[in-house]
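Asks: Model the following, please.
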Amino acid sequence: MPARDDLNLATATATETARAVAAGTVSALEACDAAIARIEALDGPINAVVVRDFDRARAAAKGIDAAGKGATGRPLLGVPMTVKESNNVAGLPTTWGMPMFKDLPIATDAVTVARLKAAGAVILGKTNVPVVLADWQAVNPIYGRTANPRDLSRTPGGSSGGSAAAVAAGMVPLELGSDIGGSIRVPAHFCGIFGHKPSHGVIPLMGHDFPGSDSVDVELAVVGPLARSAEDLAVAFDVMAGPLPGSGWKLDLPPARHATLGDYRVLVLDSHPSAATDTSLRGPLNALAEALARKGAKVTRTASGLPDLAAAHRTYMAMLIAITTRGAPDAKPIDAHAWMNLLDEQMRVTRAWRSVFREIDVVLMPPFGTAAYPHDDNPDQDARRLLVDGAETPYGDQLAWPAVATLPHLPATAVPVAKTKAGLPVGVQIMGAPFEDRTTLAFARLLSREGLSG
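Replies: So this is what the prediction gives:
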């Protein structure tokens, strides 16, 4: 079956591909084979798709085609995609980059993977991660290093580094990542694509567990989509969001606050007391703010009741360390009362932001303080340094920008908005009020429609 003349599968969005498959102008197998061919042709120096499941993908695509009209009505019909290695796919390894788990059997799909498949997505394989998902790079002793397709000497970000690289290189239009320290937003920013960190708890985490464990949902952690377009983020979000069966609650998120950019009240944050931010990031953010103001948006640099960002970051770091060191042999656990104190402070920060969002609609800020940086193999992350406006700054400080949204469980959508003088992508994250994912996703789509992102 020939492809539709105006649809290039190498650049088509997930939504465009699904529409073509539903219309019968492209077959699911054709879309699948085209994506496989792109992976085989492009992935060598990038090393993003490190677990490949092409035979089963082709079988799934053939099943969609055989169903004919009986398969329509699925929003991701025939869309070839990959998922971050940390998400369970039955029959494929989930190692989180640790050799001890490479032979661990995985019998069940993650809830998100099952929902994506039910929506018609065809899973081609899995993408690379850092060890224990604990870096803004994607390198481990099992699969090796993933490079940024925009500049192979630089990181694609992490921990969803392979995810972002696969989308940015044109291998697939859609990916499933995860985020606790910017692991969706930072790779999206570094690679020049779109990513969405959902409100905590809106998309189930079941099936994104530490290998071999069966645990409650991790505080602060989320899973979410990365894509070629803001529209694709919204479609994938709708597919994955919602309660587990028998949970006793239903998804009832508010609609987007406005339909045009000119109606939005926008708070711009271009500096953080806990992290240095390069001019190459602040410049495009401020240029975007000026463009929004010209379109009629009310842009402000201050808001009453804004939480103390430095104090909030200290709370976030204390929680993150407690979460990520759990079970480590040299960990220093905190007691239950200390943890409850952190939860109290988290609640106060969330309340403060809820108050701020009575005066504004979205917050725009950098996802990270620099553009993609050169690969750094120093095993001691505390000793690593990043150059910000030519000065060395501590590597770990950059957790501050992702943490603004992560600590209070707020939605944040990353969109590409510019490039540095060296040609590296620059992104902005759009943060919204509690459970107002549809507002940040809609704002991202409006930026794209107005030519302000992409």
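Asks: switch to C-alpha atoms for all contacts and neighbour counts from now on
Replies: Will do.
Asks: Give me the domain ranges for this protein.
Replies: Following automatic domain parsing, the chain resolves into domains at 14-240, 261-433.
Asks: And for residue 54, the neighbour number?
Replies: 17 (other C-alpha atoms under 10 Å).
Asks: looking at it, it is touching residue 126, isn't it?
Replies: No. Using C-alpha atoms under 8 Å, residue 54 is not in contact with residue 126; the gap is 10.9 Å.
Asks: Identify the contacts common to the two.
Replies: Common contact partners of residue 54 and residue 126 (C-alpha atoms under 8 Å, 6 or more residues apart in numbering): none.
Asks: which parts of the longest helix seen in the chain are buried?
Replies: When the chain is parsed with DSSP state H, its longest helix is helix 336-356. Within helix 336-356, the residues that qualify as buried are 342-343, 345-346, 349-356, counting by 16 or more other C-alpha atoms under 10 Å.
Asks: Please save the CA atoms from whatever helix or strand comes next after that helix in CSV.
Replies: Per DSSP states H and E, the first helix or strand lying C-terminal to helix 336-356 is strand 362-365. Output of strand 362-365 as CSV, limited to C-alpha atoms (Å, rounded to 0.1, in the frame of the first residue of the first chain):
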residue,chain,number,x,y,z
VAL,A,362,1.3,29.3,33.8
VAL,A,363,4.9,29.7,34.8
LEU,A,364,7.7,29.7,32.2
MET,A,365,11.2,28.8,33.3
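Asks: Which neighbouring elements make contact with strand 362-365?
Replies: strand 265-268, strand 425-431 (3 or more C-alpha pairs under 8 Å, 6 or more residues apart in numbering; DSSP states H and E).
Asks: which of those sits most buried?
Replies: Counting by mean count of other C-alpha atoms under 10 Å, strand 425-431 has the highest mean neighbour count of the helices and strands packed on strand 362-365, with a mean of 29.
Asks: which helices and strands does the helix or strand just after it pack with?
Replies: Following strand 425-431 in sequence order, the next helix or strand is helix 437-449 (DSSP H and E). Helix 437-449 sits against helix 230-240, strand 412-419, strand 425-431, with contacts defined as 3+ C-alpha pairs under 8 Å, 6+ apart.
Asks: among these, which is nearest residue 258?
Replies: Closest approach to residue 258 among those (C-alpha to C-alpha): strand 425-431, 14.4 Å.
Asks: Kindly indicate which of the buried residues of helix 336-356 lies nearest residue 209.
Replies: Using C-alpha to C-alpha, the buried residues of helix 336-356 come closest to residue 209 at residue 343, 21.9 Å.
Asks: wait, isn't residue 94 in contact with residue 85?
Replies: Yes. Residue 94 lies in contact with residue 85 (C-alpha under 8 Å); the separation is 5.9 Å.
Asks: just to revisit the earlier point, quick one: which of the helices and strands packed on strand 362-365 is nearest residue 336?
Replies: Nearest of the helices and strands packed on strand 362-365 (C-alpha to C-alpha): strand 425-431, 30.5 Å.
Asks: what's the angle from that closest one to helix 437-449?
Replies: Interaxial angle, strand 425-431 versus helix 437-449 (axes from the mean of the first three to the mean of the last three C-alpha atoms, to 10 degrees): 150 degrees.
Asks: Tell me which residues touch the spatially most central residue of the chain, please.
Replies: Nearest residue to the geometric centre of the chain (C-alpha atoms, centre = their mean): residue 184, 2.5 Å. With contacts defined as C-alpha under 8 Å, 6+ apart, the neighbours of residue 184 are 158-160, 177-178, 195-197, 224-226.
Asks: Distance of residue 156 relative to residue 41?
Replies: 19 Å (C-alpha to C-alpha, to the nearest Å).
Asks: Apart from its chain neighbours, what residue comes closest to residue 93?
Replies: Nearest non-adjacent residue to residue 93, counting by C-alpha to C-alpha, 6 or more residues apart in numbering: residue 102, 6.1 Å away.
Asks: quick one: pLDDT of residue 328?
Replies: In the predicted model, residue 328 carries a pLDDT score of 81.
Asks: Likewise for residue 79?
Replies: What the model reports as pLDDT for residue 79 is 98.
Asks: Got the confidence number for the closest residue to it other than its chain neighbours?
Replies: Sequence neighbours aside, residue 121 is the residue nearest to residue 79 in space, at 4.8 Å (criterion: C-alpha to C-alpha, 6+ apart). Confidence at residue 121, expressed as pLDDT, is 98.
Asks: can you offset everything so residue one is 38?
Replies: With 38 as the first residue, the last one maps to residue 158.
Asks: wait, residue 158 sits on residue 120?
Replies: No. Contact criterion C-alpha under 8 Å: residue 158 and residue 120 do not qualify, at 11.0 Å.
Asks: Contact partners for residue 175?
Replies: Counting by C-alpha under 8 Å, 6+ apart, residue 175 makes contact with 165-168, 182-184, 192-199.
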